[in-house]
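S.K.: No sequence on hand, only this structure:
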C-alpha cells in the first residue's frame, strides 16, 4: 500500500509515521482529481494526519491510503502523461486483452438485472408477426409496381428483413425465444426454412460455436486458420476467402462443407457435427429445407424464374451477405488485435471476451440488436430485447474487456472499411502457442491493396 499526500502541489509520498487526530477535522473534497486503477473516488478514501516537525494543527499534512494509481486524470478526462509515464512518474502498463480478467463469469451475471433473463413468448411472437407482415407486404408491393426504380430498393430492404427473420430463428435455437422447446422448434423451423437454413443442423453447429468461442481449433464459425492449413490452400481458395465480396457469399457453401480443415455437412445426420441422439432432429430440418426448396422450384414454374429471382433470389443473396458480414465482424476487425486461445489458456469467459459489439445505425432495431454481441455470447439465454440493458449493466464489471463500438451513421457503411482492413491483415495464426494473434500474408495484403 503506497502512502501519498494531497497538497496544493499534487501528490507526493510521505514517511510512514503518523498518528490519529484527537478531534474531527473538516475536509473539503478535491474537485479536480479522480484515481484510476481503483474503484474508489477521492471522497471514499480514508484520510489520516501525518505528524510533522511543527505541532501547529493547521500545518498538519493529510495522507491518502490508496493503491498506487495507474494515472491521474482531470475531470475533463485528460490523462497526465509525460514521456509514457503517469502523473507521478511511474510507467503505465498497456492493457493486455489476453490477460485473465480480474472478474468471474458469475460477477458479470450478478450485475445483470433479473428481469433481463425473463423470456416473454408473446413479445417474441410480436416481433415474428411484425417481420412477416413487412416481408409479405414488401413482396406484394414490389410485384405490383414491377418497376426498375423500385427493385434495387426492394432487394436491399427485403434482404435485410430476411436477415431479421434469421435472427429471430437464431433466438429460437438458443432457447431465448421462449421457455417452451416445442414453440422454439416450430417457430425456428418456419423462419429458418423460409430462408433456406436447416434449423437443427445450424442450431447444433452454432451451439458448438458458442461453447468454444475464441478457440483456434474448436470454434465453429469464422475461426482462424492455423498456418499449416492456410499454406495448404490453393490460390483460388485464398482469393475467395480473403477478397471482398467473395467472403460475403460463403454461408451456403459453409452449410454444405464447413470451413477449410473441417469436414461434414449441416444436412447430413451422420456428419461429425452431430452426435447420434441428434440424428432425428437433423433429418427433420433437412426435410423442411428440402420442402422449401421444392416450393421455390414450383413458384419458379408458376411466376417464371426471372420474377422468382427478383422477388426471392436476390434478397436471399443480400441476406447471406448480411449474415456473413455480421458474424465475421463480431469476431474480427477490431482496431487492436485480439487474442485467440488454445489449451489451458482458453476458457469460456476469456473466449467470450474476444467478441466485439457493433453499431448498425438504423439497422439495430430491424435486426433485433444482434450487434450487442458480447453479452449475447456470454449469456445466449437472454432475449434480444433485453441485450442493450444487460450490456449497460455489465459494462462496469467488464471494464476494458468491453470495447465500445464505433457510432454508426444511419447506414453502417463504415463496417465495409472494417471488413476490408481485416481481410487485408487477418490471414492465419501460428500452429503453436496457447495465446495467438492473427498474422498477415504479404502476398494477399499487397494484392488487396492493388
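M.R.: It's in. Model, not experiment: these values are computed from the prediction. Numbering: from 1, shown residues only.
S.K.: Could you check how far residue 312 is from residue 161?
M.R.: Distance of residue 312 to residue 161, given as Cβ to Cβ, to the nearest Å: 12 Å. Every C-beta, even on glycine, is put in place using the N, C-alpha and C of the backbone.
S.K.: actually residue 125, not the one I typed
M.R.: Residue 125 is 17 Å from residue 161, by Cβ to Cβ.
S.K.: More neighbours: these two, which one.
M.R.: Using other Cβ atoms under 10 Å, the more surrounded residue of residue 125 and residue 161 is residue 161, with 25 against 15.
S.K.: Please report the distance of the closest residue to residue 212 other than its chain neighbours from residue 241.
M.R.: Nearest residue to residue 212, sequence neighbours excluded (Cβ to Cβ, 6 or more residues apart in numbering): residue 218, at 3.8 Å. As judged by Cβ to Cβ, residue 218 and residue 241 stand 20 Å apart.
S.K.: One more: residue 306?
M.R.: Taking Cβ to Cβ as the measure, residue 306 falls 31 Å from residue 241.
S.K.: so where's the stretch 301-450 of the chain uncertain?
M.R.: 447-450 (pLDDT under 70).
S.K.: if you set the cut-off to 90 instead, what comes out?
M.R.: Along the stretch 301-450 of the chain, the model assigns pLDDT under 90 to residues 443-450.
S.K.: mind listing what residue 196 touches?
M.R.: 252, 289, 292, 293, 316 (Cβ atoms under 8 Å, 6 or more residues apart in numbering).
S.K.: Among the residues you listed, pick out the one closest to residue 419, please.
M.R.: residue 252 (18.8 Å; Cβ to Cβ).
S.K.: elements contacting the helix or strand hosting that closest one?
M.R.: For residue 252, the host element (DSSP states H and E) is helix 251-257. Secondary-structure packing of helix 251-257 (3 or more Cβ pairs under 8 Å, 6 or more residues apart in numbering; DSSP states H and E): helix 314-329.
S.K.: Now do the buried residues in the helix it packs on.
M.R.: If you call a residue buried by 16 or more other Cβ atoms under 10 Å, then helix 314-329 has these buried ones: 314-329.
S.K.: Next secondary structure after it?
M.R.: Remark: after helix 314-329, the chain's next helix or strand is strand 340-341, criterion DSSP H and E.
S.K.: Following element in sequence after that next one, please.
M.R.: Using DSSP H and E, the helix or strand that directly follows strand 340-341 along the chain is helix 348-352.
S.K.: so how far is that following helix off the chain centroid?
M.R.: 12 Å (Cα atoms, centre = their mean, to the nearest Å).
S.K.: other SSEs contacting it?
M.R.: By 3+ Cβ pairs under 8 Å, 6+ apart, helix 348-352 packs against helix 105-111, helix 373-378.
S.K.: so after it, what's the next helix or strand?
M.R.: Immediately after helix 348-352, counting by DSSP H and E, sits helix 363-366.
S.K.: quick revisit: can you put the contacts of residue 196 in a markdown table and add distance to residue 380?
M.R.: Shown next, in a markdown table, are these (distance: Cβ to Cβ, whole Å):
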| residue | distance to residue 380 |
| --- | --- |
| 252 | 24 |
| 289 | 23 |
| 292 | 26 |
| 293 | 29 |
| 316 | 26 |
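S.K.: Buried subset of those, written for PyMOL?
M.R.: If you want just the buried ones from those in PyMOL, going by 16+ other Cβ under 10 Å, the selection is:
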select buried, resi 289+292+316
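S.K.: Which of the contacts of residue 196 sits closest to residue 300?
M.R.: residue 293 (10.7 Å).
S.K.: contacting residues around the closest one?
M.R.: If you count contacts by Cβ under 8 Å, 6+ apart, residue 293 has them with residue 196.
S.K.: so which helix or strand takes in it?
M.R.: With DSSP H and E as criterion, residue 293 is part of helix 279-303.
S.K.: Could I get the buried residue list for that helix?
M.R.: Those would be 281, 282, 284, 285, 286, 288, 289, 292, 300, for helix 279-303 by 16+ other Cβ under 10 Å.
S.K.: For the strand or helix carrying residue 193, give me every contacting residue.
M.R.: Secondary structure from DSSP H and E places residue 193 in helix 181-194. Here helix 181-194 makes contact (Cβ under 8 Å, 6+ apart) with 121, 125, 128, 165-166, 168-169, 172-173, 175, 177-178, 198-199, 202-203, 284-285, 288-289, 291-292.
S.K.: In the stretch 1-150 of the chain, where is pLDDT below threshold?
M.R.: 1-95.
S.K.: The chain - how does it break down into domains?
M.R.: 2-73, 105-449 (automatic domain parsing).
S.K.: so which of these comes closest to residue 93?
M.R.: Nearest to residue 93, of the domains of the chain and by Cβ to Cβ, is domain 2-73 at 7.6 Å.
S.K.: picking that back up, columns distance to residue 93 on top of the buried residues of helix 279-303, output as TSV?
M.R.: Formatted as TSV, those follow (distance: Cβ to Cβ, whole Å):
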residue	distance to residue 93
281	49
282	49
284	53
285	50
286	53
288	54
289	52
292	55
300	62
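S.K.: Relative to residue 142, which of those is nearest.
M.R.: Out of those, the member with the shortest distance to residue 142 (by Cβ to Cβ) is residue 300, at 16.8 Å.
S.K.: Settle this for me: the closest one is touching residue 311, isn't it.
M.R.: No. Judged on Cβ atoms under 8 Å, residue 300 makes no contact with residue 311 at a distance of 10.4 Å.
S.K.: ok, the spatially closest residue to residue 315 that is not a sequence neighbour - contacts?
M.R.: Among residues not flanking residue 315 along the chain, residue 158 sits closest, at 3.8 Å (Cβ to Cβ, 6+ apart). Residue 158 is in contact with 135, 138, 139, 142, 315, 318, counting by Cβ under 8 Å, 6+ apart.
S.K.: could you check the angle helix 181-194 makes with the regular element (helix or strand) spanning residue 158?
M.R.: Residue 158 belongs to helix 151-174 when assigned by DSSP H and E. For helix 151-174 against helix 181-194, the angle by axes from the mean of the first three to the mean of the last three Cα atoms, to 10 degrees is 150 degrees.
S.K.: Give me the buried stretch members for helix 151-174, please.
M.R.: Across helix 151-174, burial judged by 16+ other Cβ under 10 Å covers 154-155, 157-174.
S.K.: And stretch 328-342, by the same measure?
M.R.: So for stretch 328-342, counting by 16+ other Cβ under 10 Å, buried means 328, 329, 330, 331, 332, 333, 334, 338, 339, 340, 341, 342.
S.K.: Farthest-apart pair in the residues you listed, please.
M.R.: Longest span within the buried residues of stretch 328-342, Cβ to Cβ: 329 and 342, 23.1 Å.
S.K.: what's next to the helix or strand hosting residue 210, contact-wise?
M.R.: Per DSSP H and E, residue 210 falls inside helix 199-211. Contacts to helix 199-211, defined as Cβ under 8 Å, 6+ apart, come from residues 169-170, 172-174, 185, 188-189, 191-193, 218-221, 255, 265-267, 273-274, 278, 281-282, 284-286, 288, 348, 377, 380.
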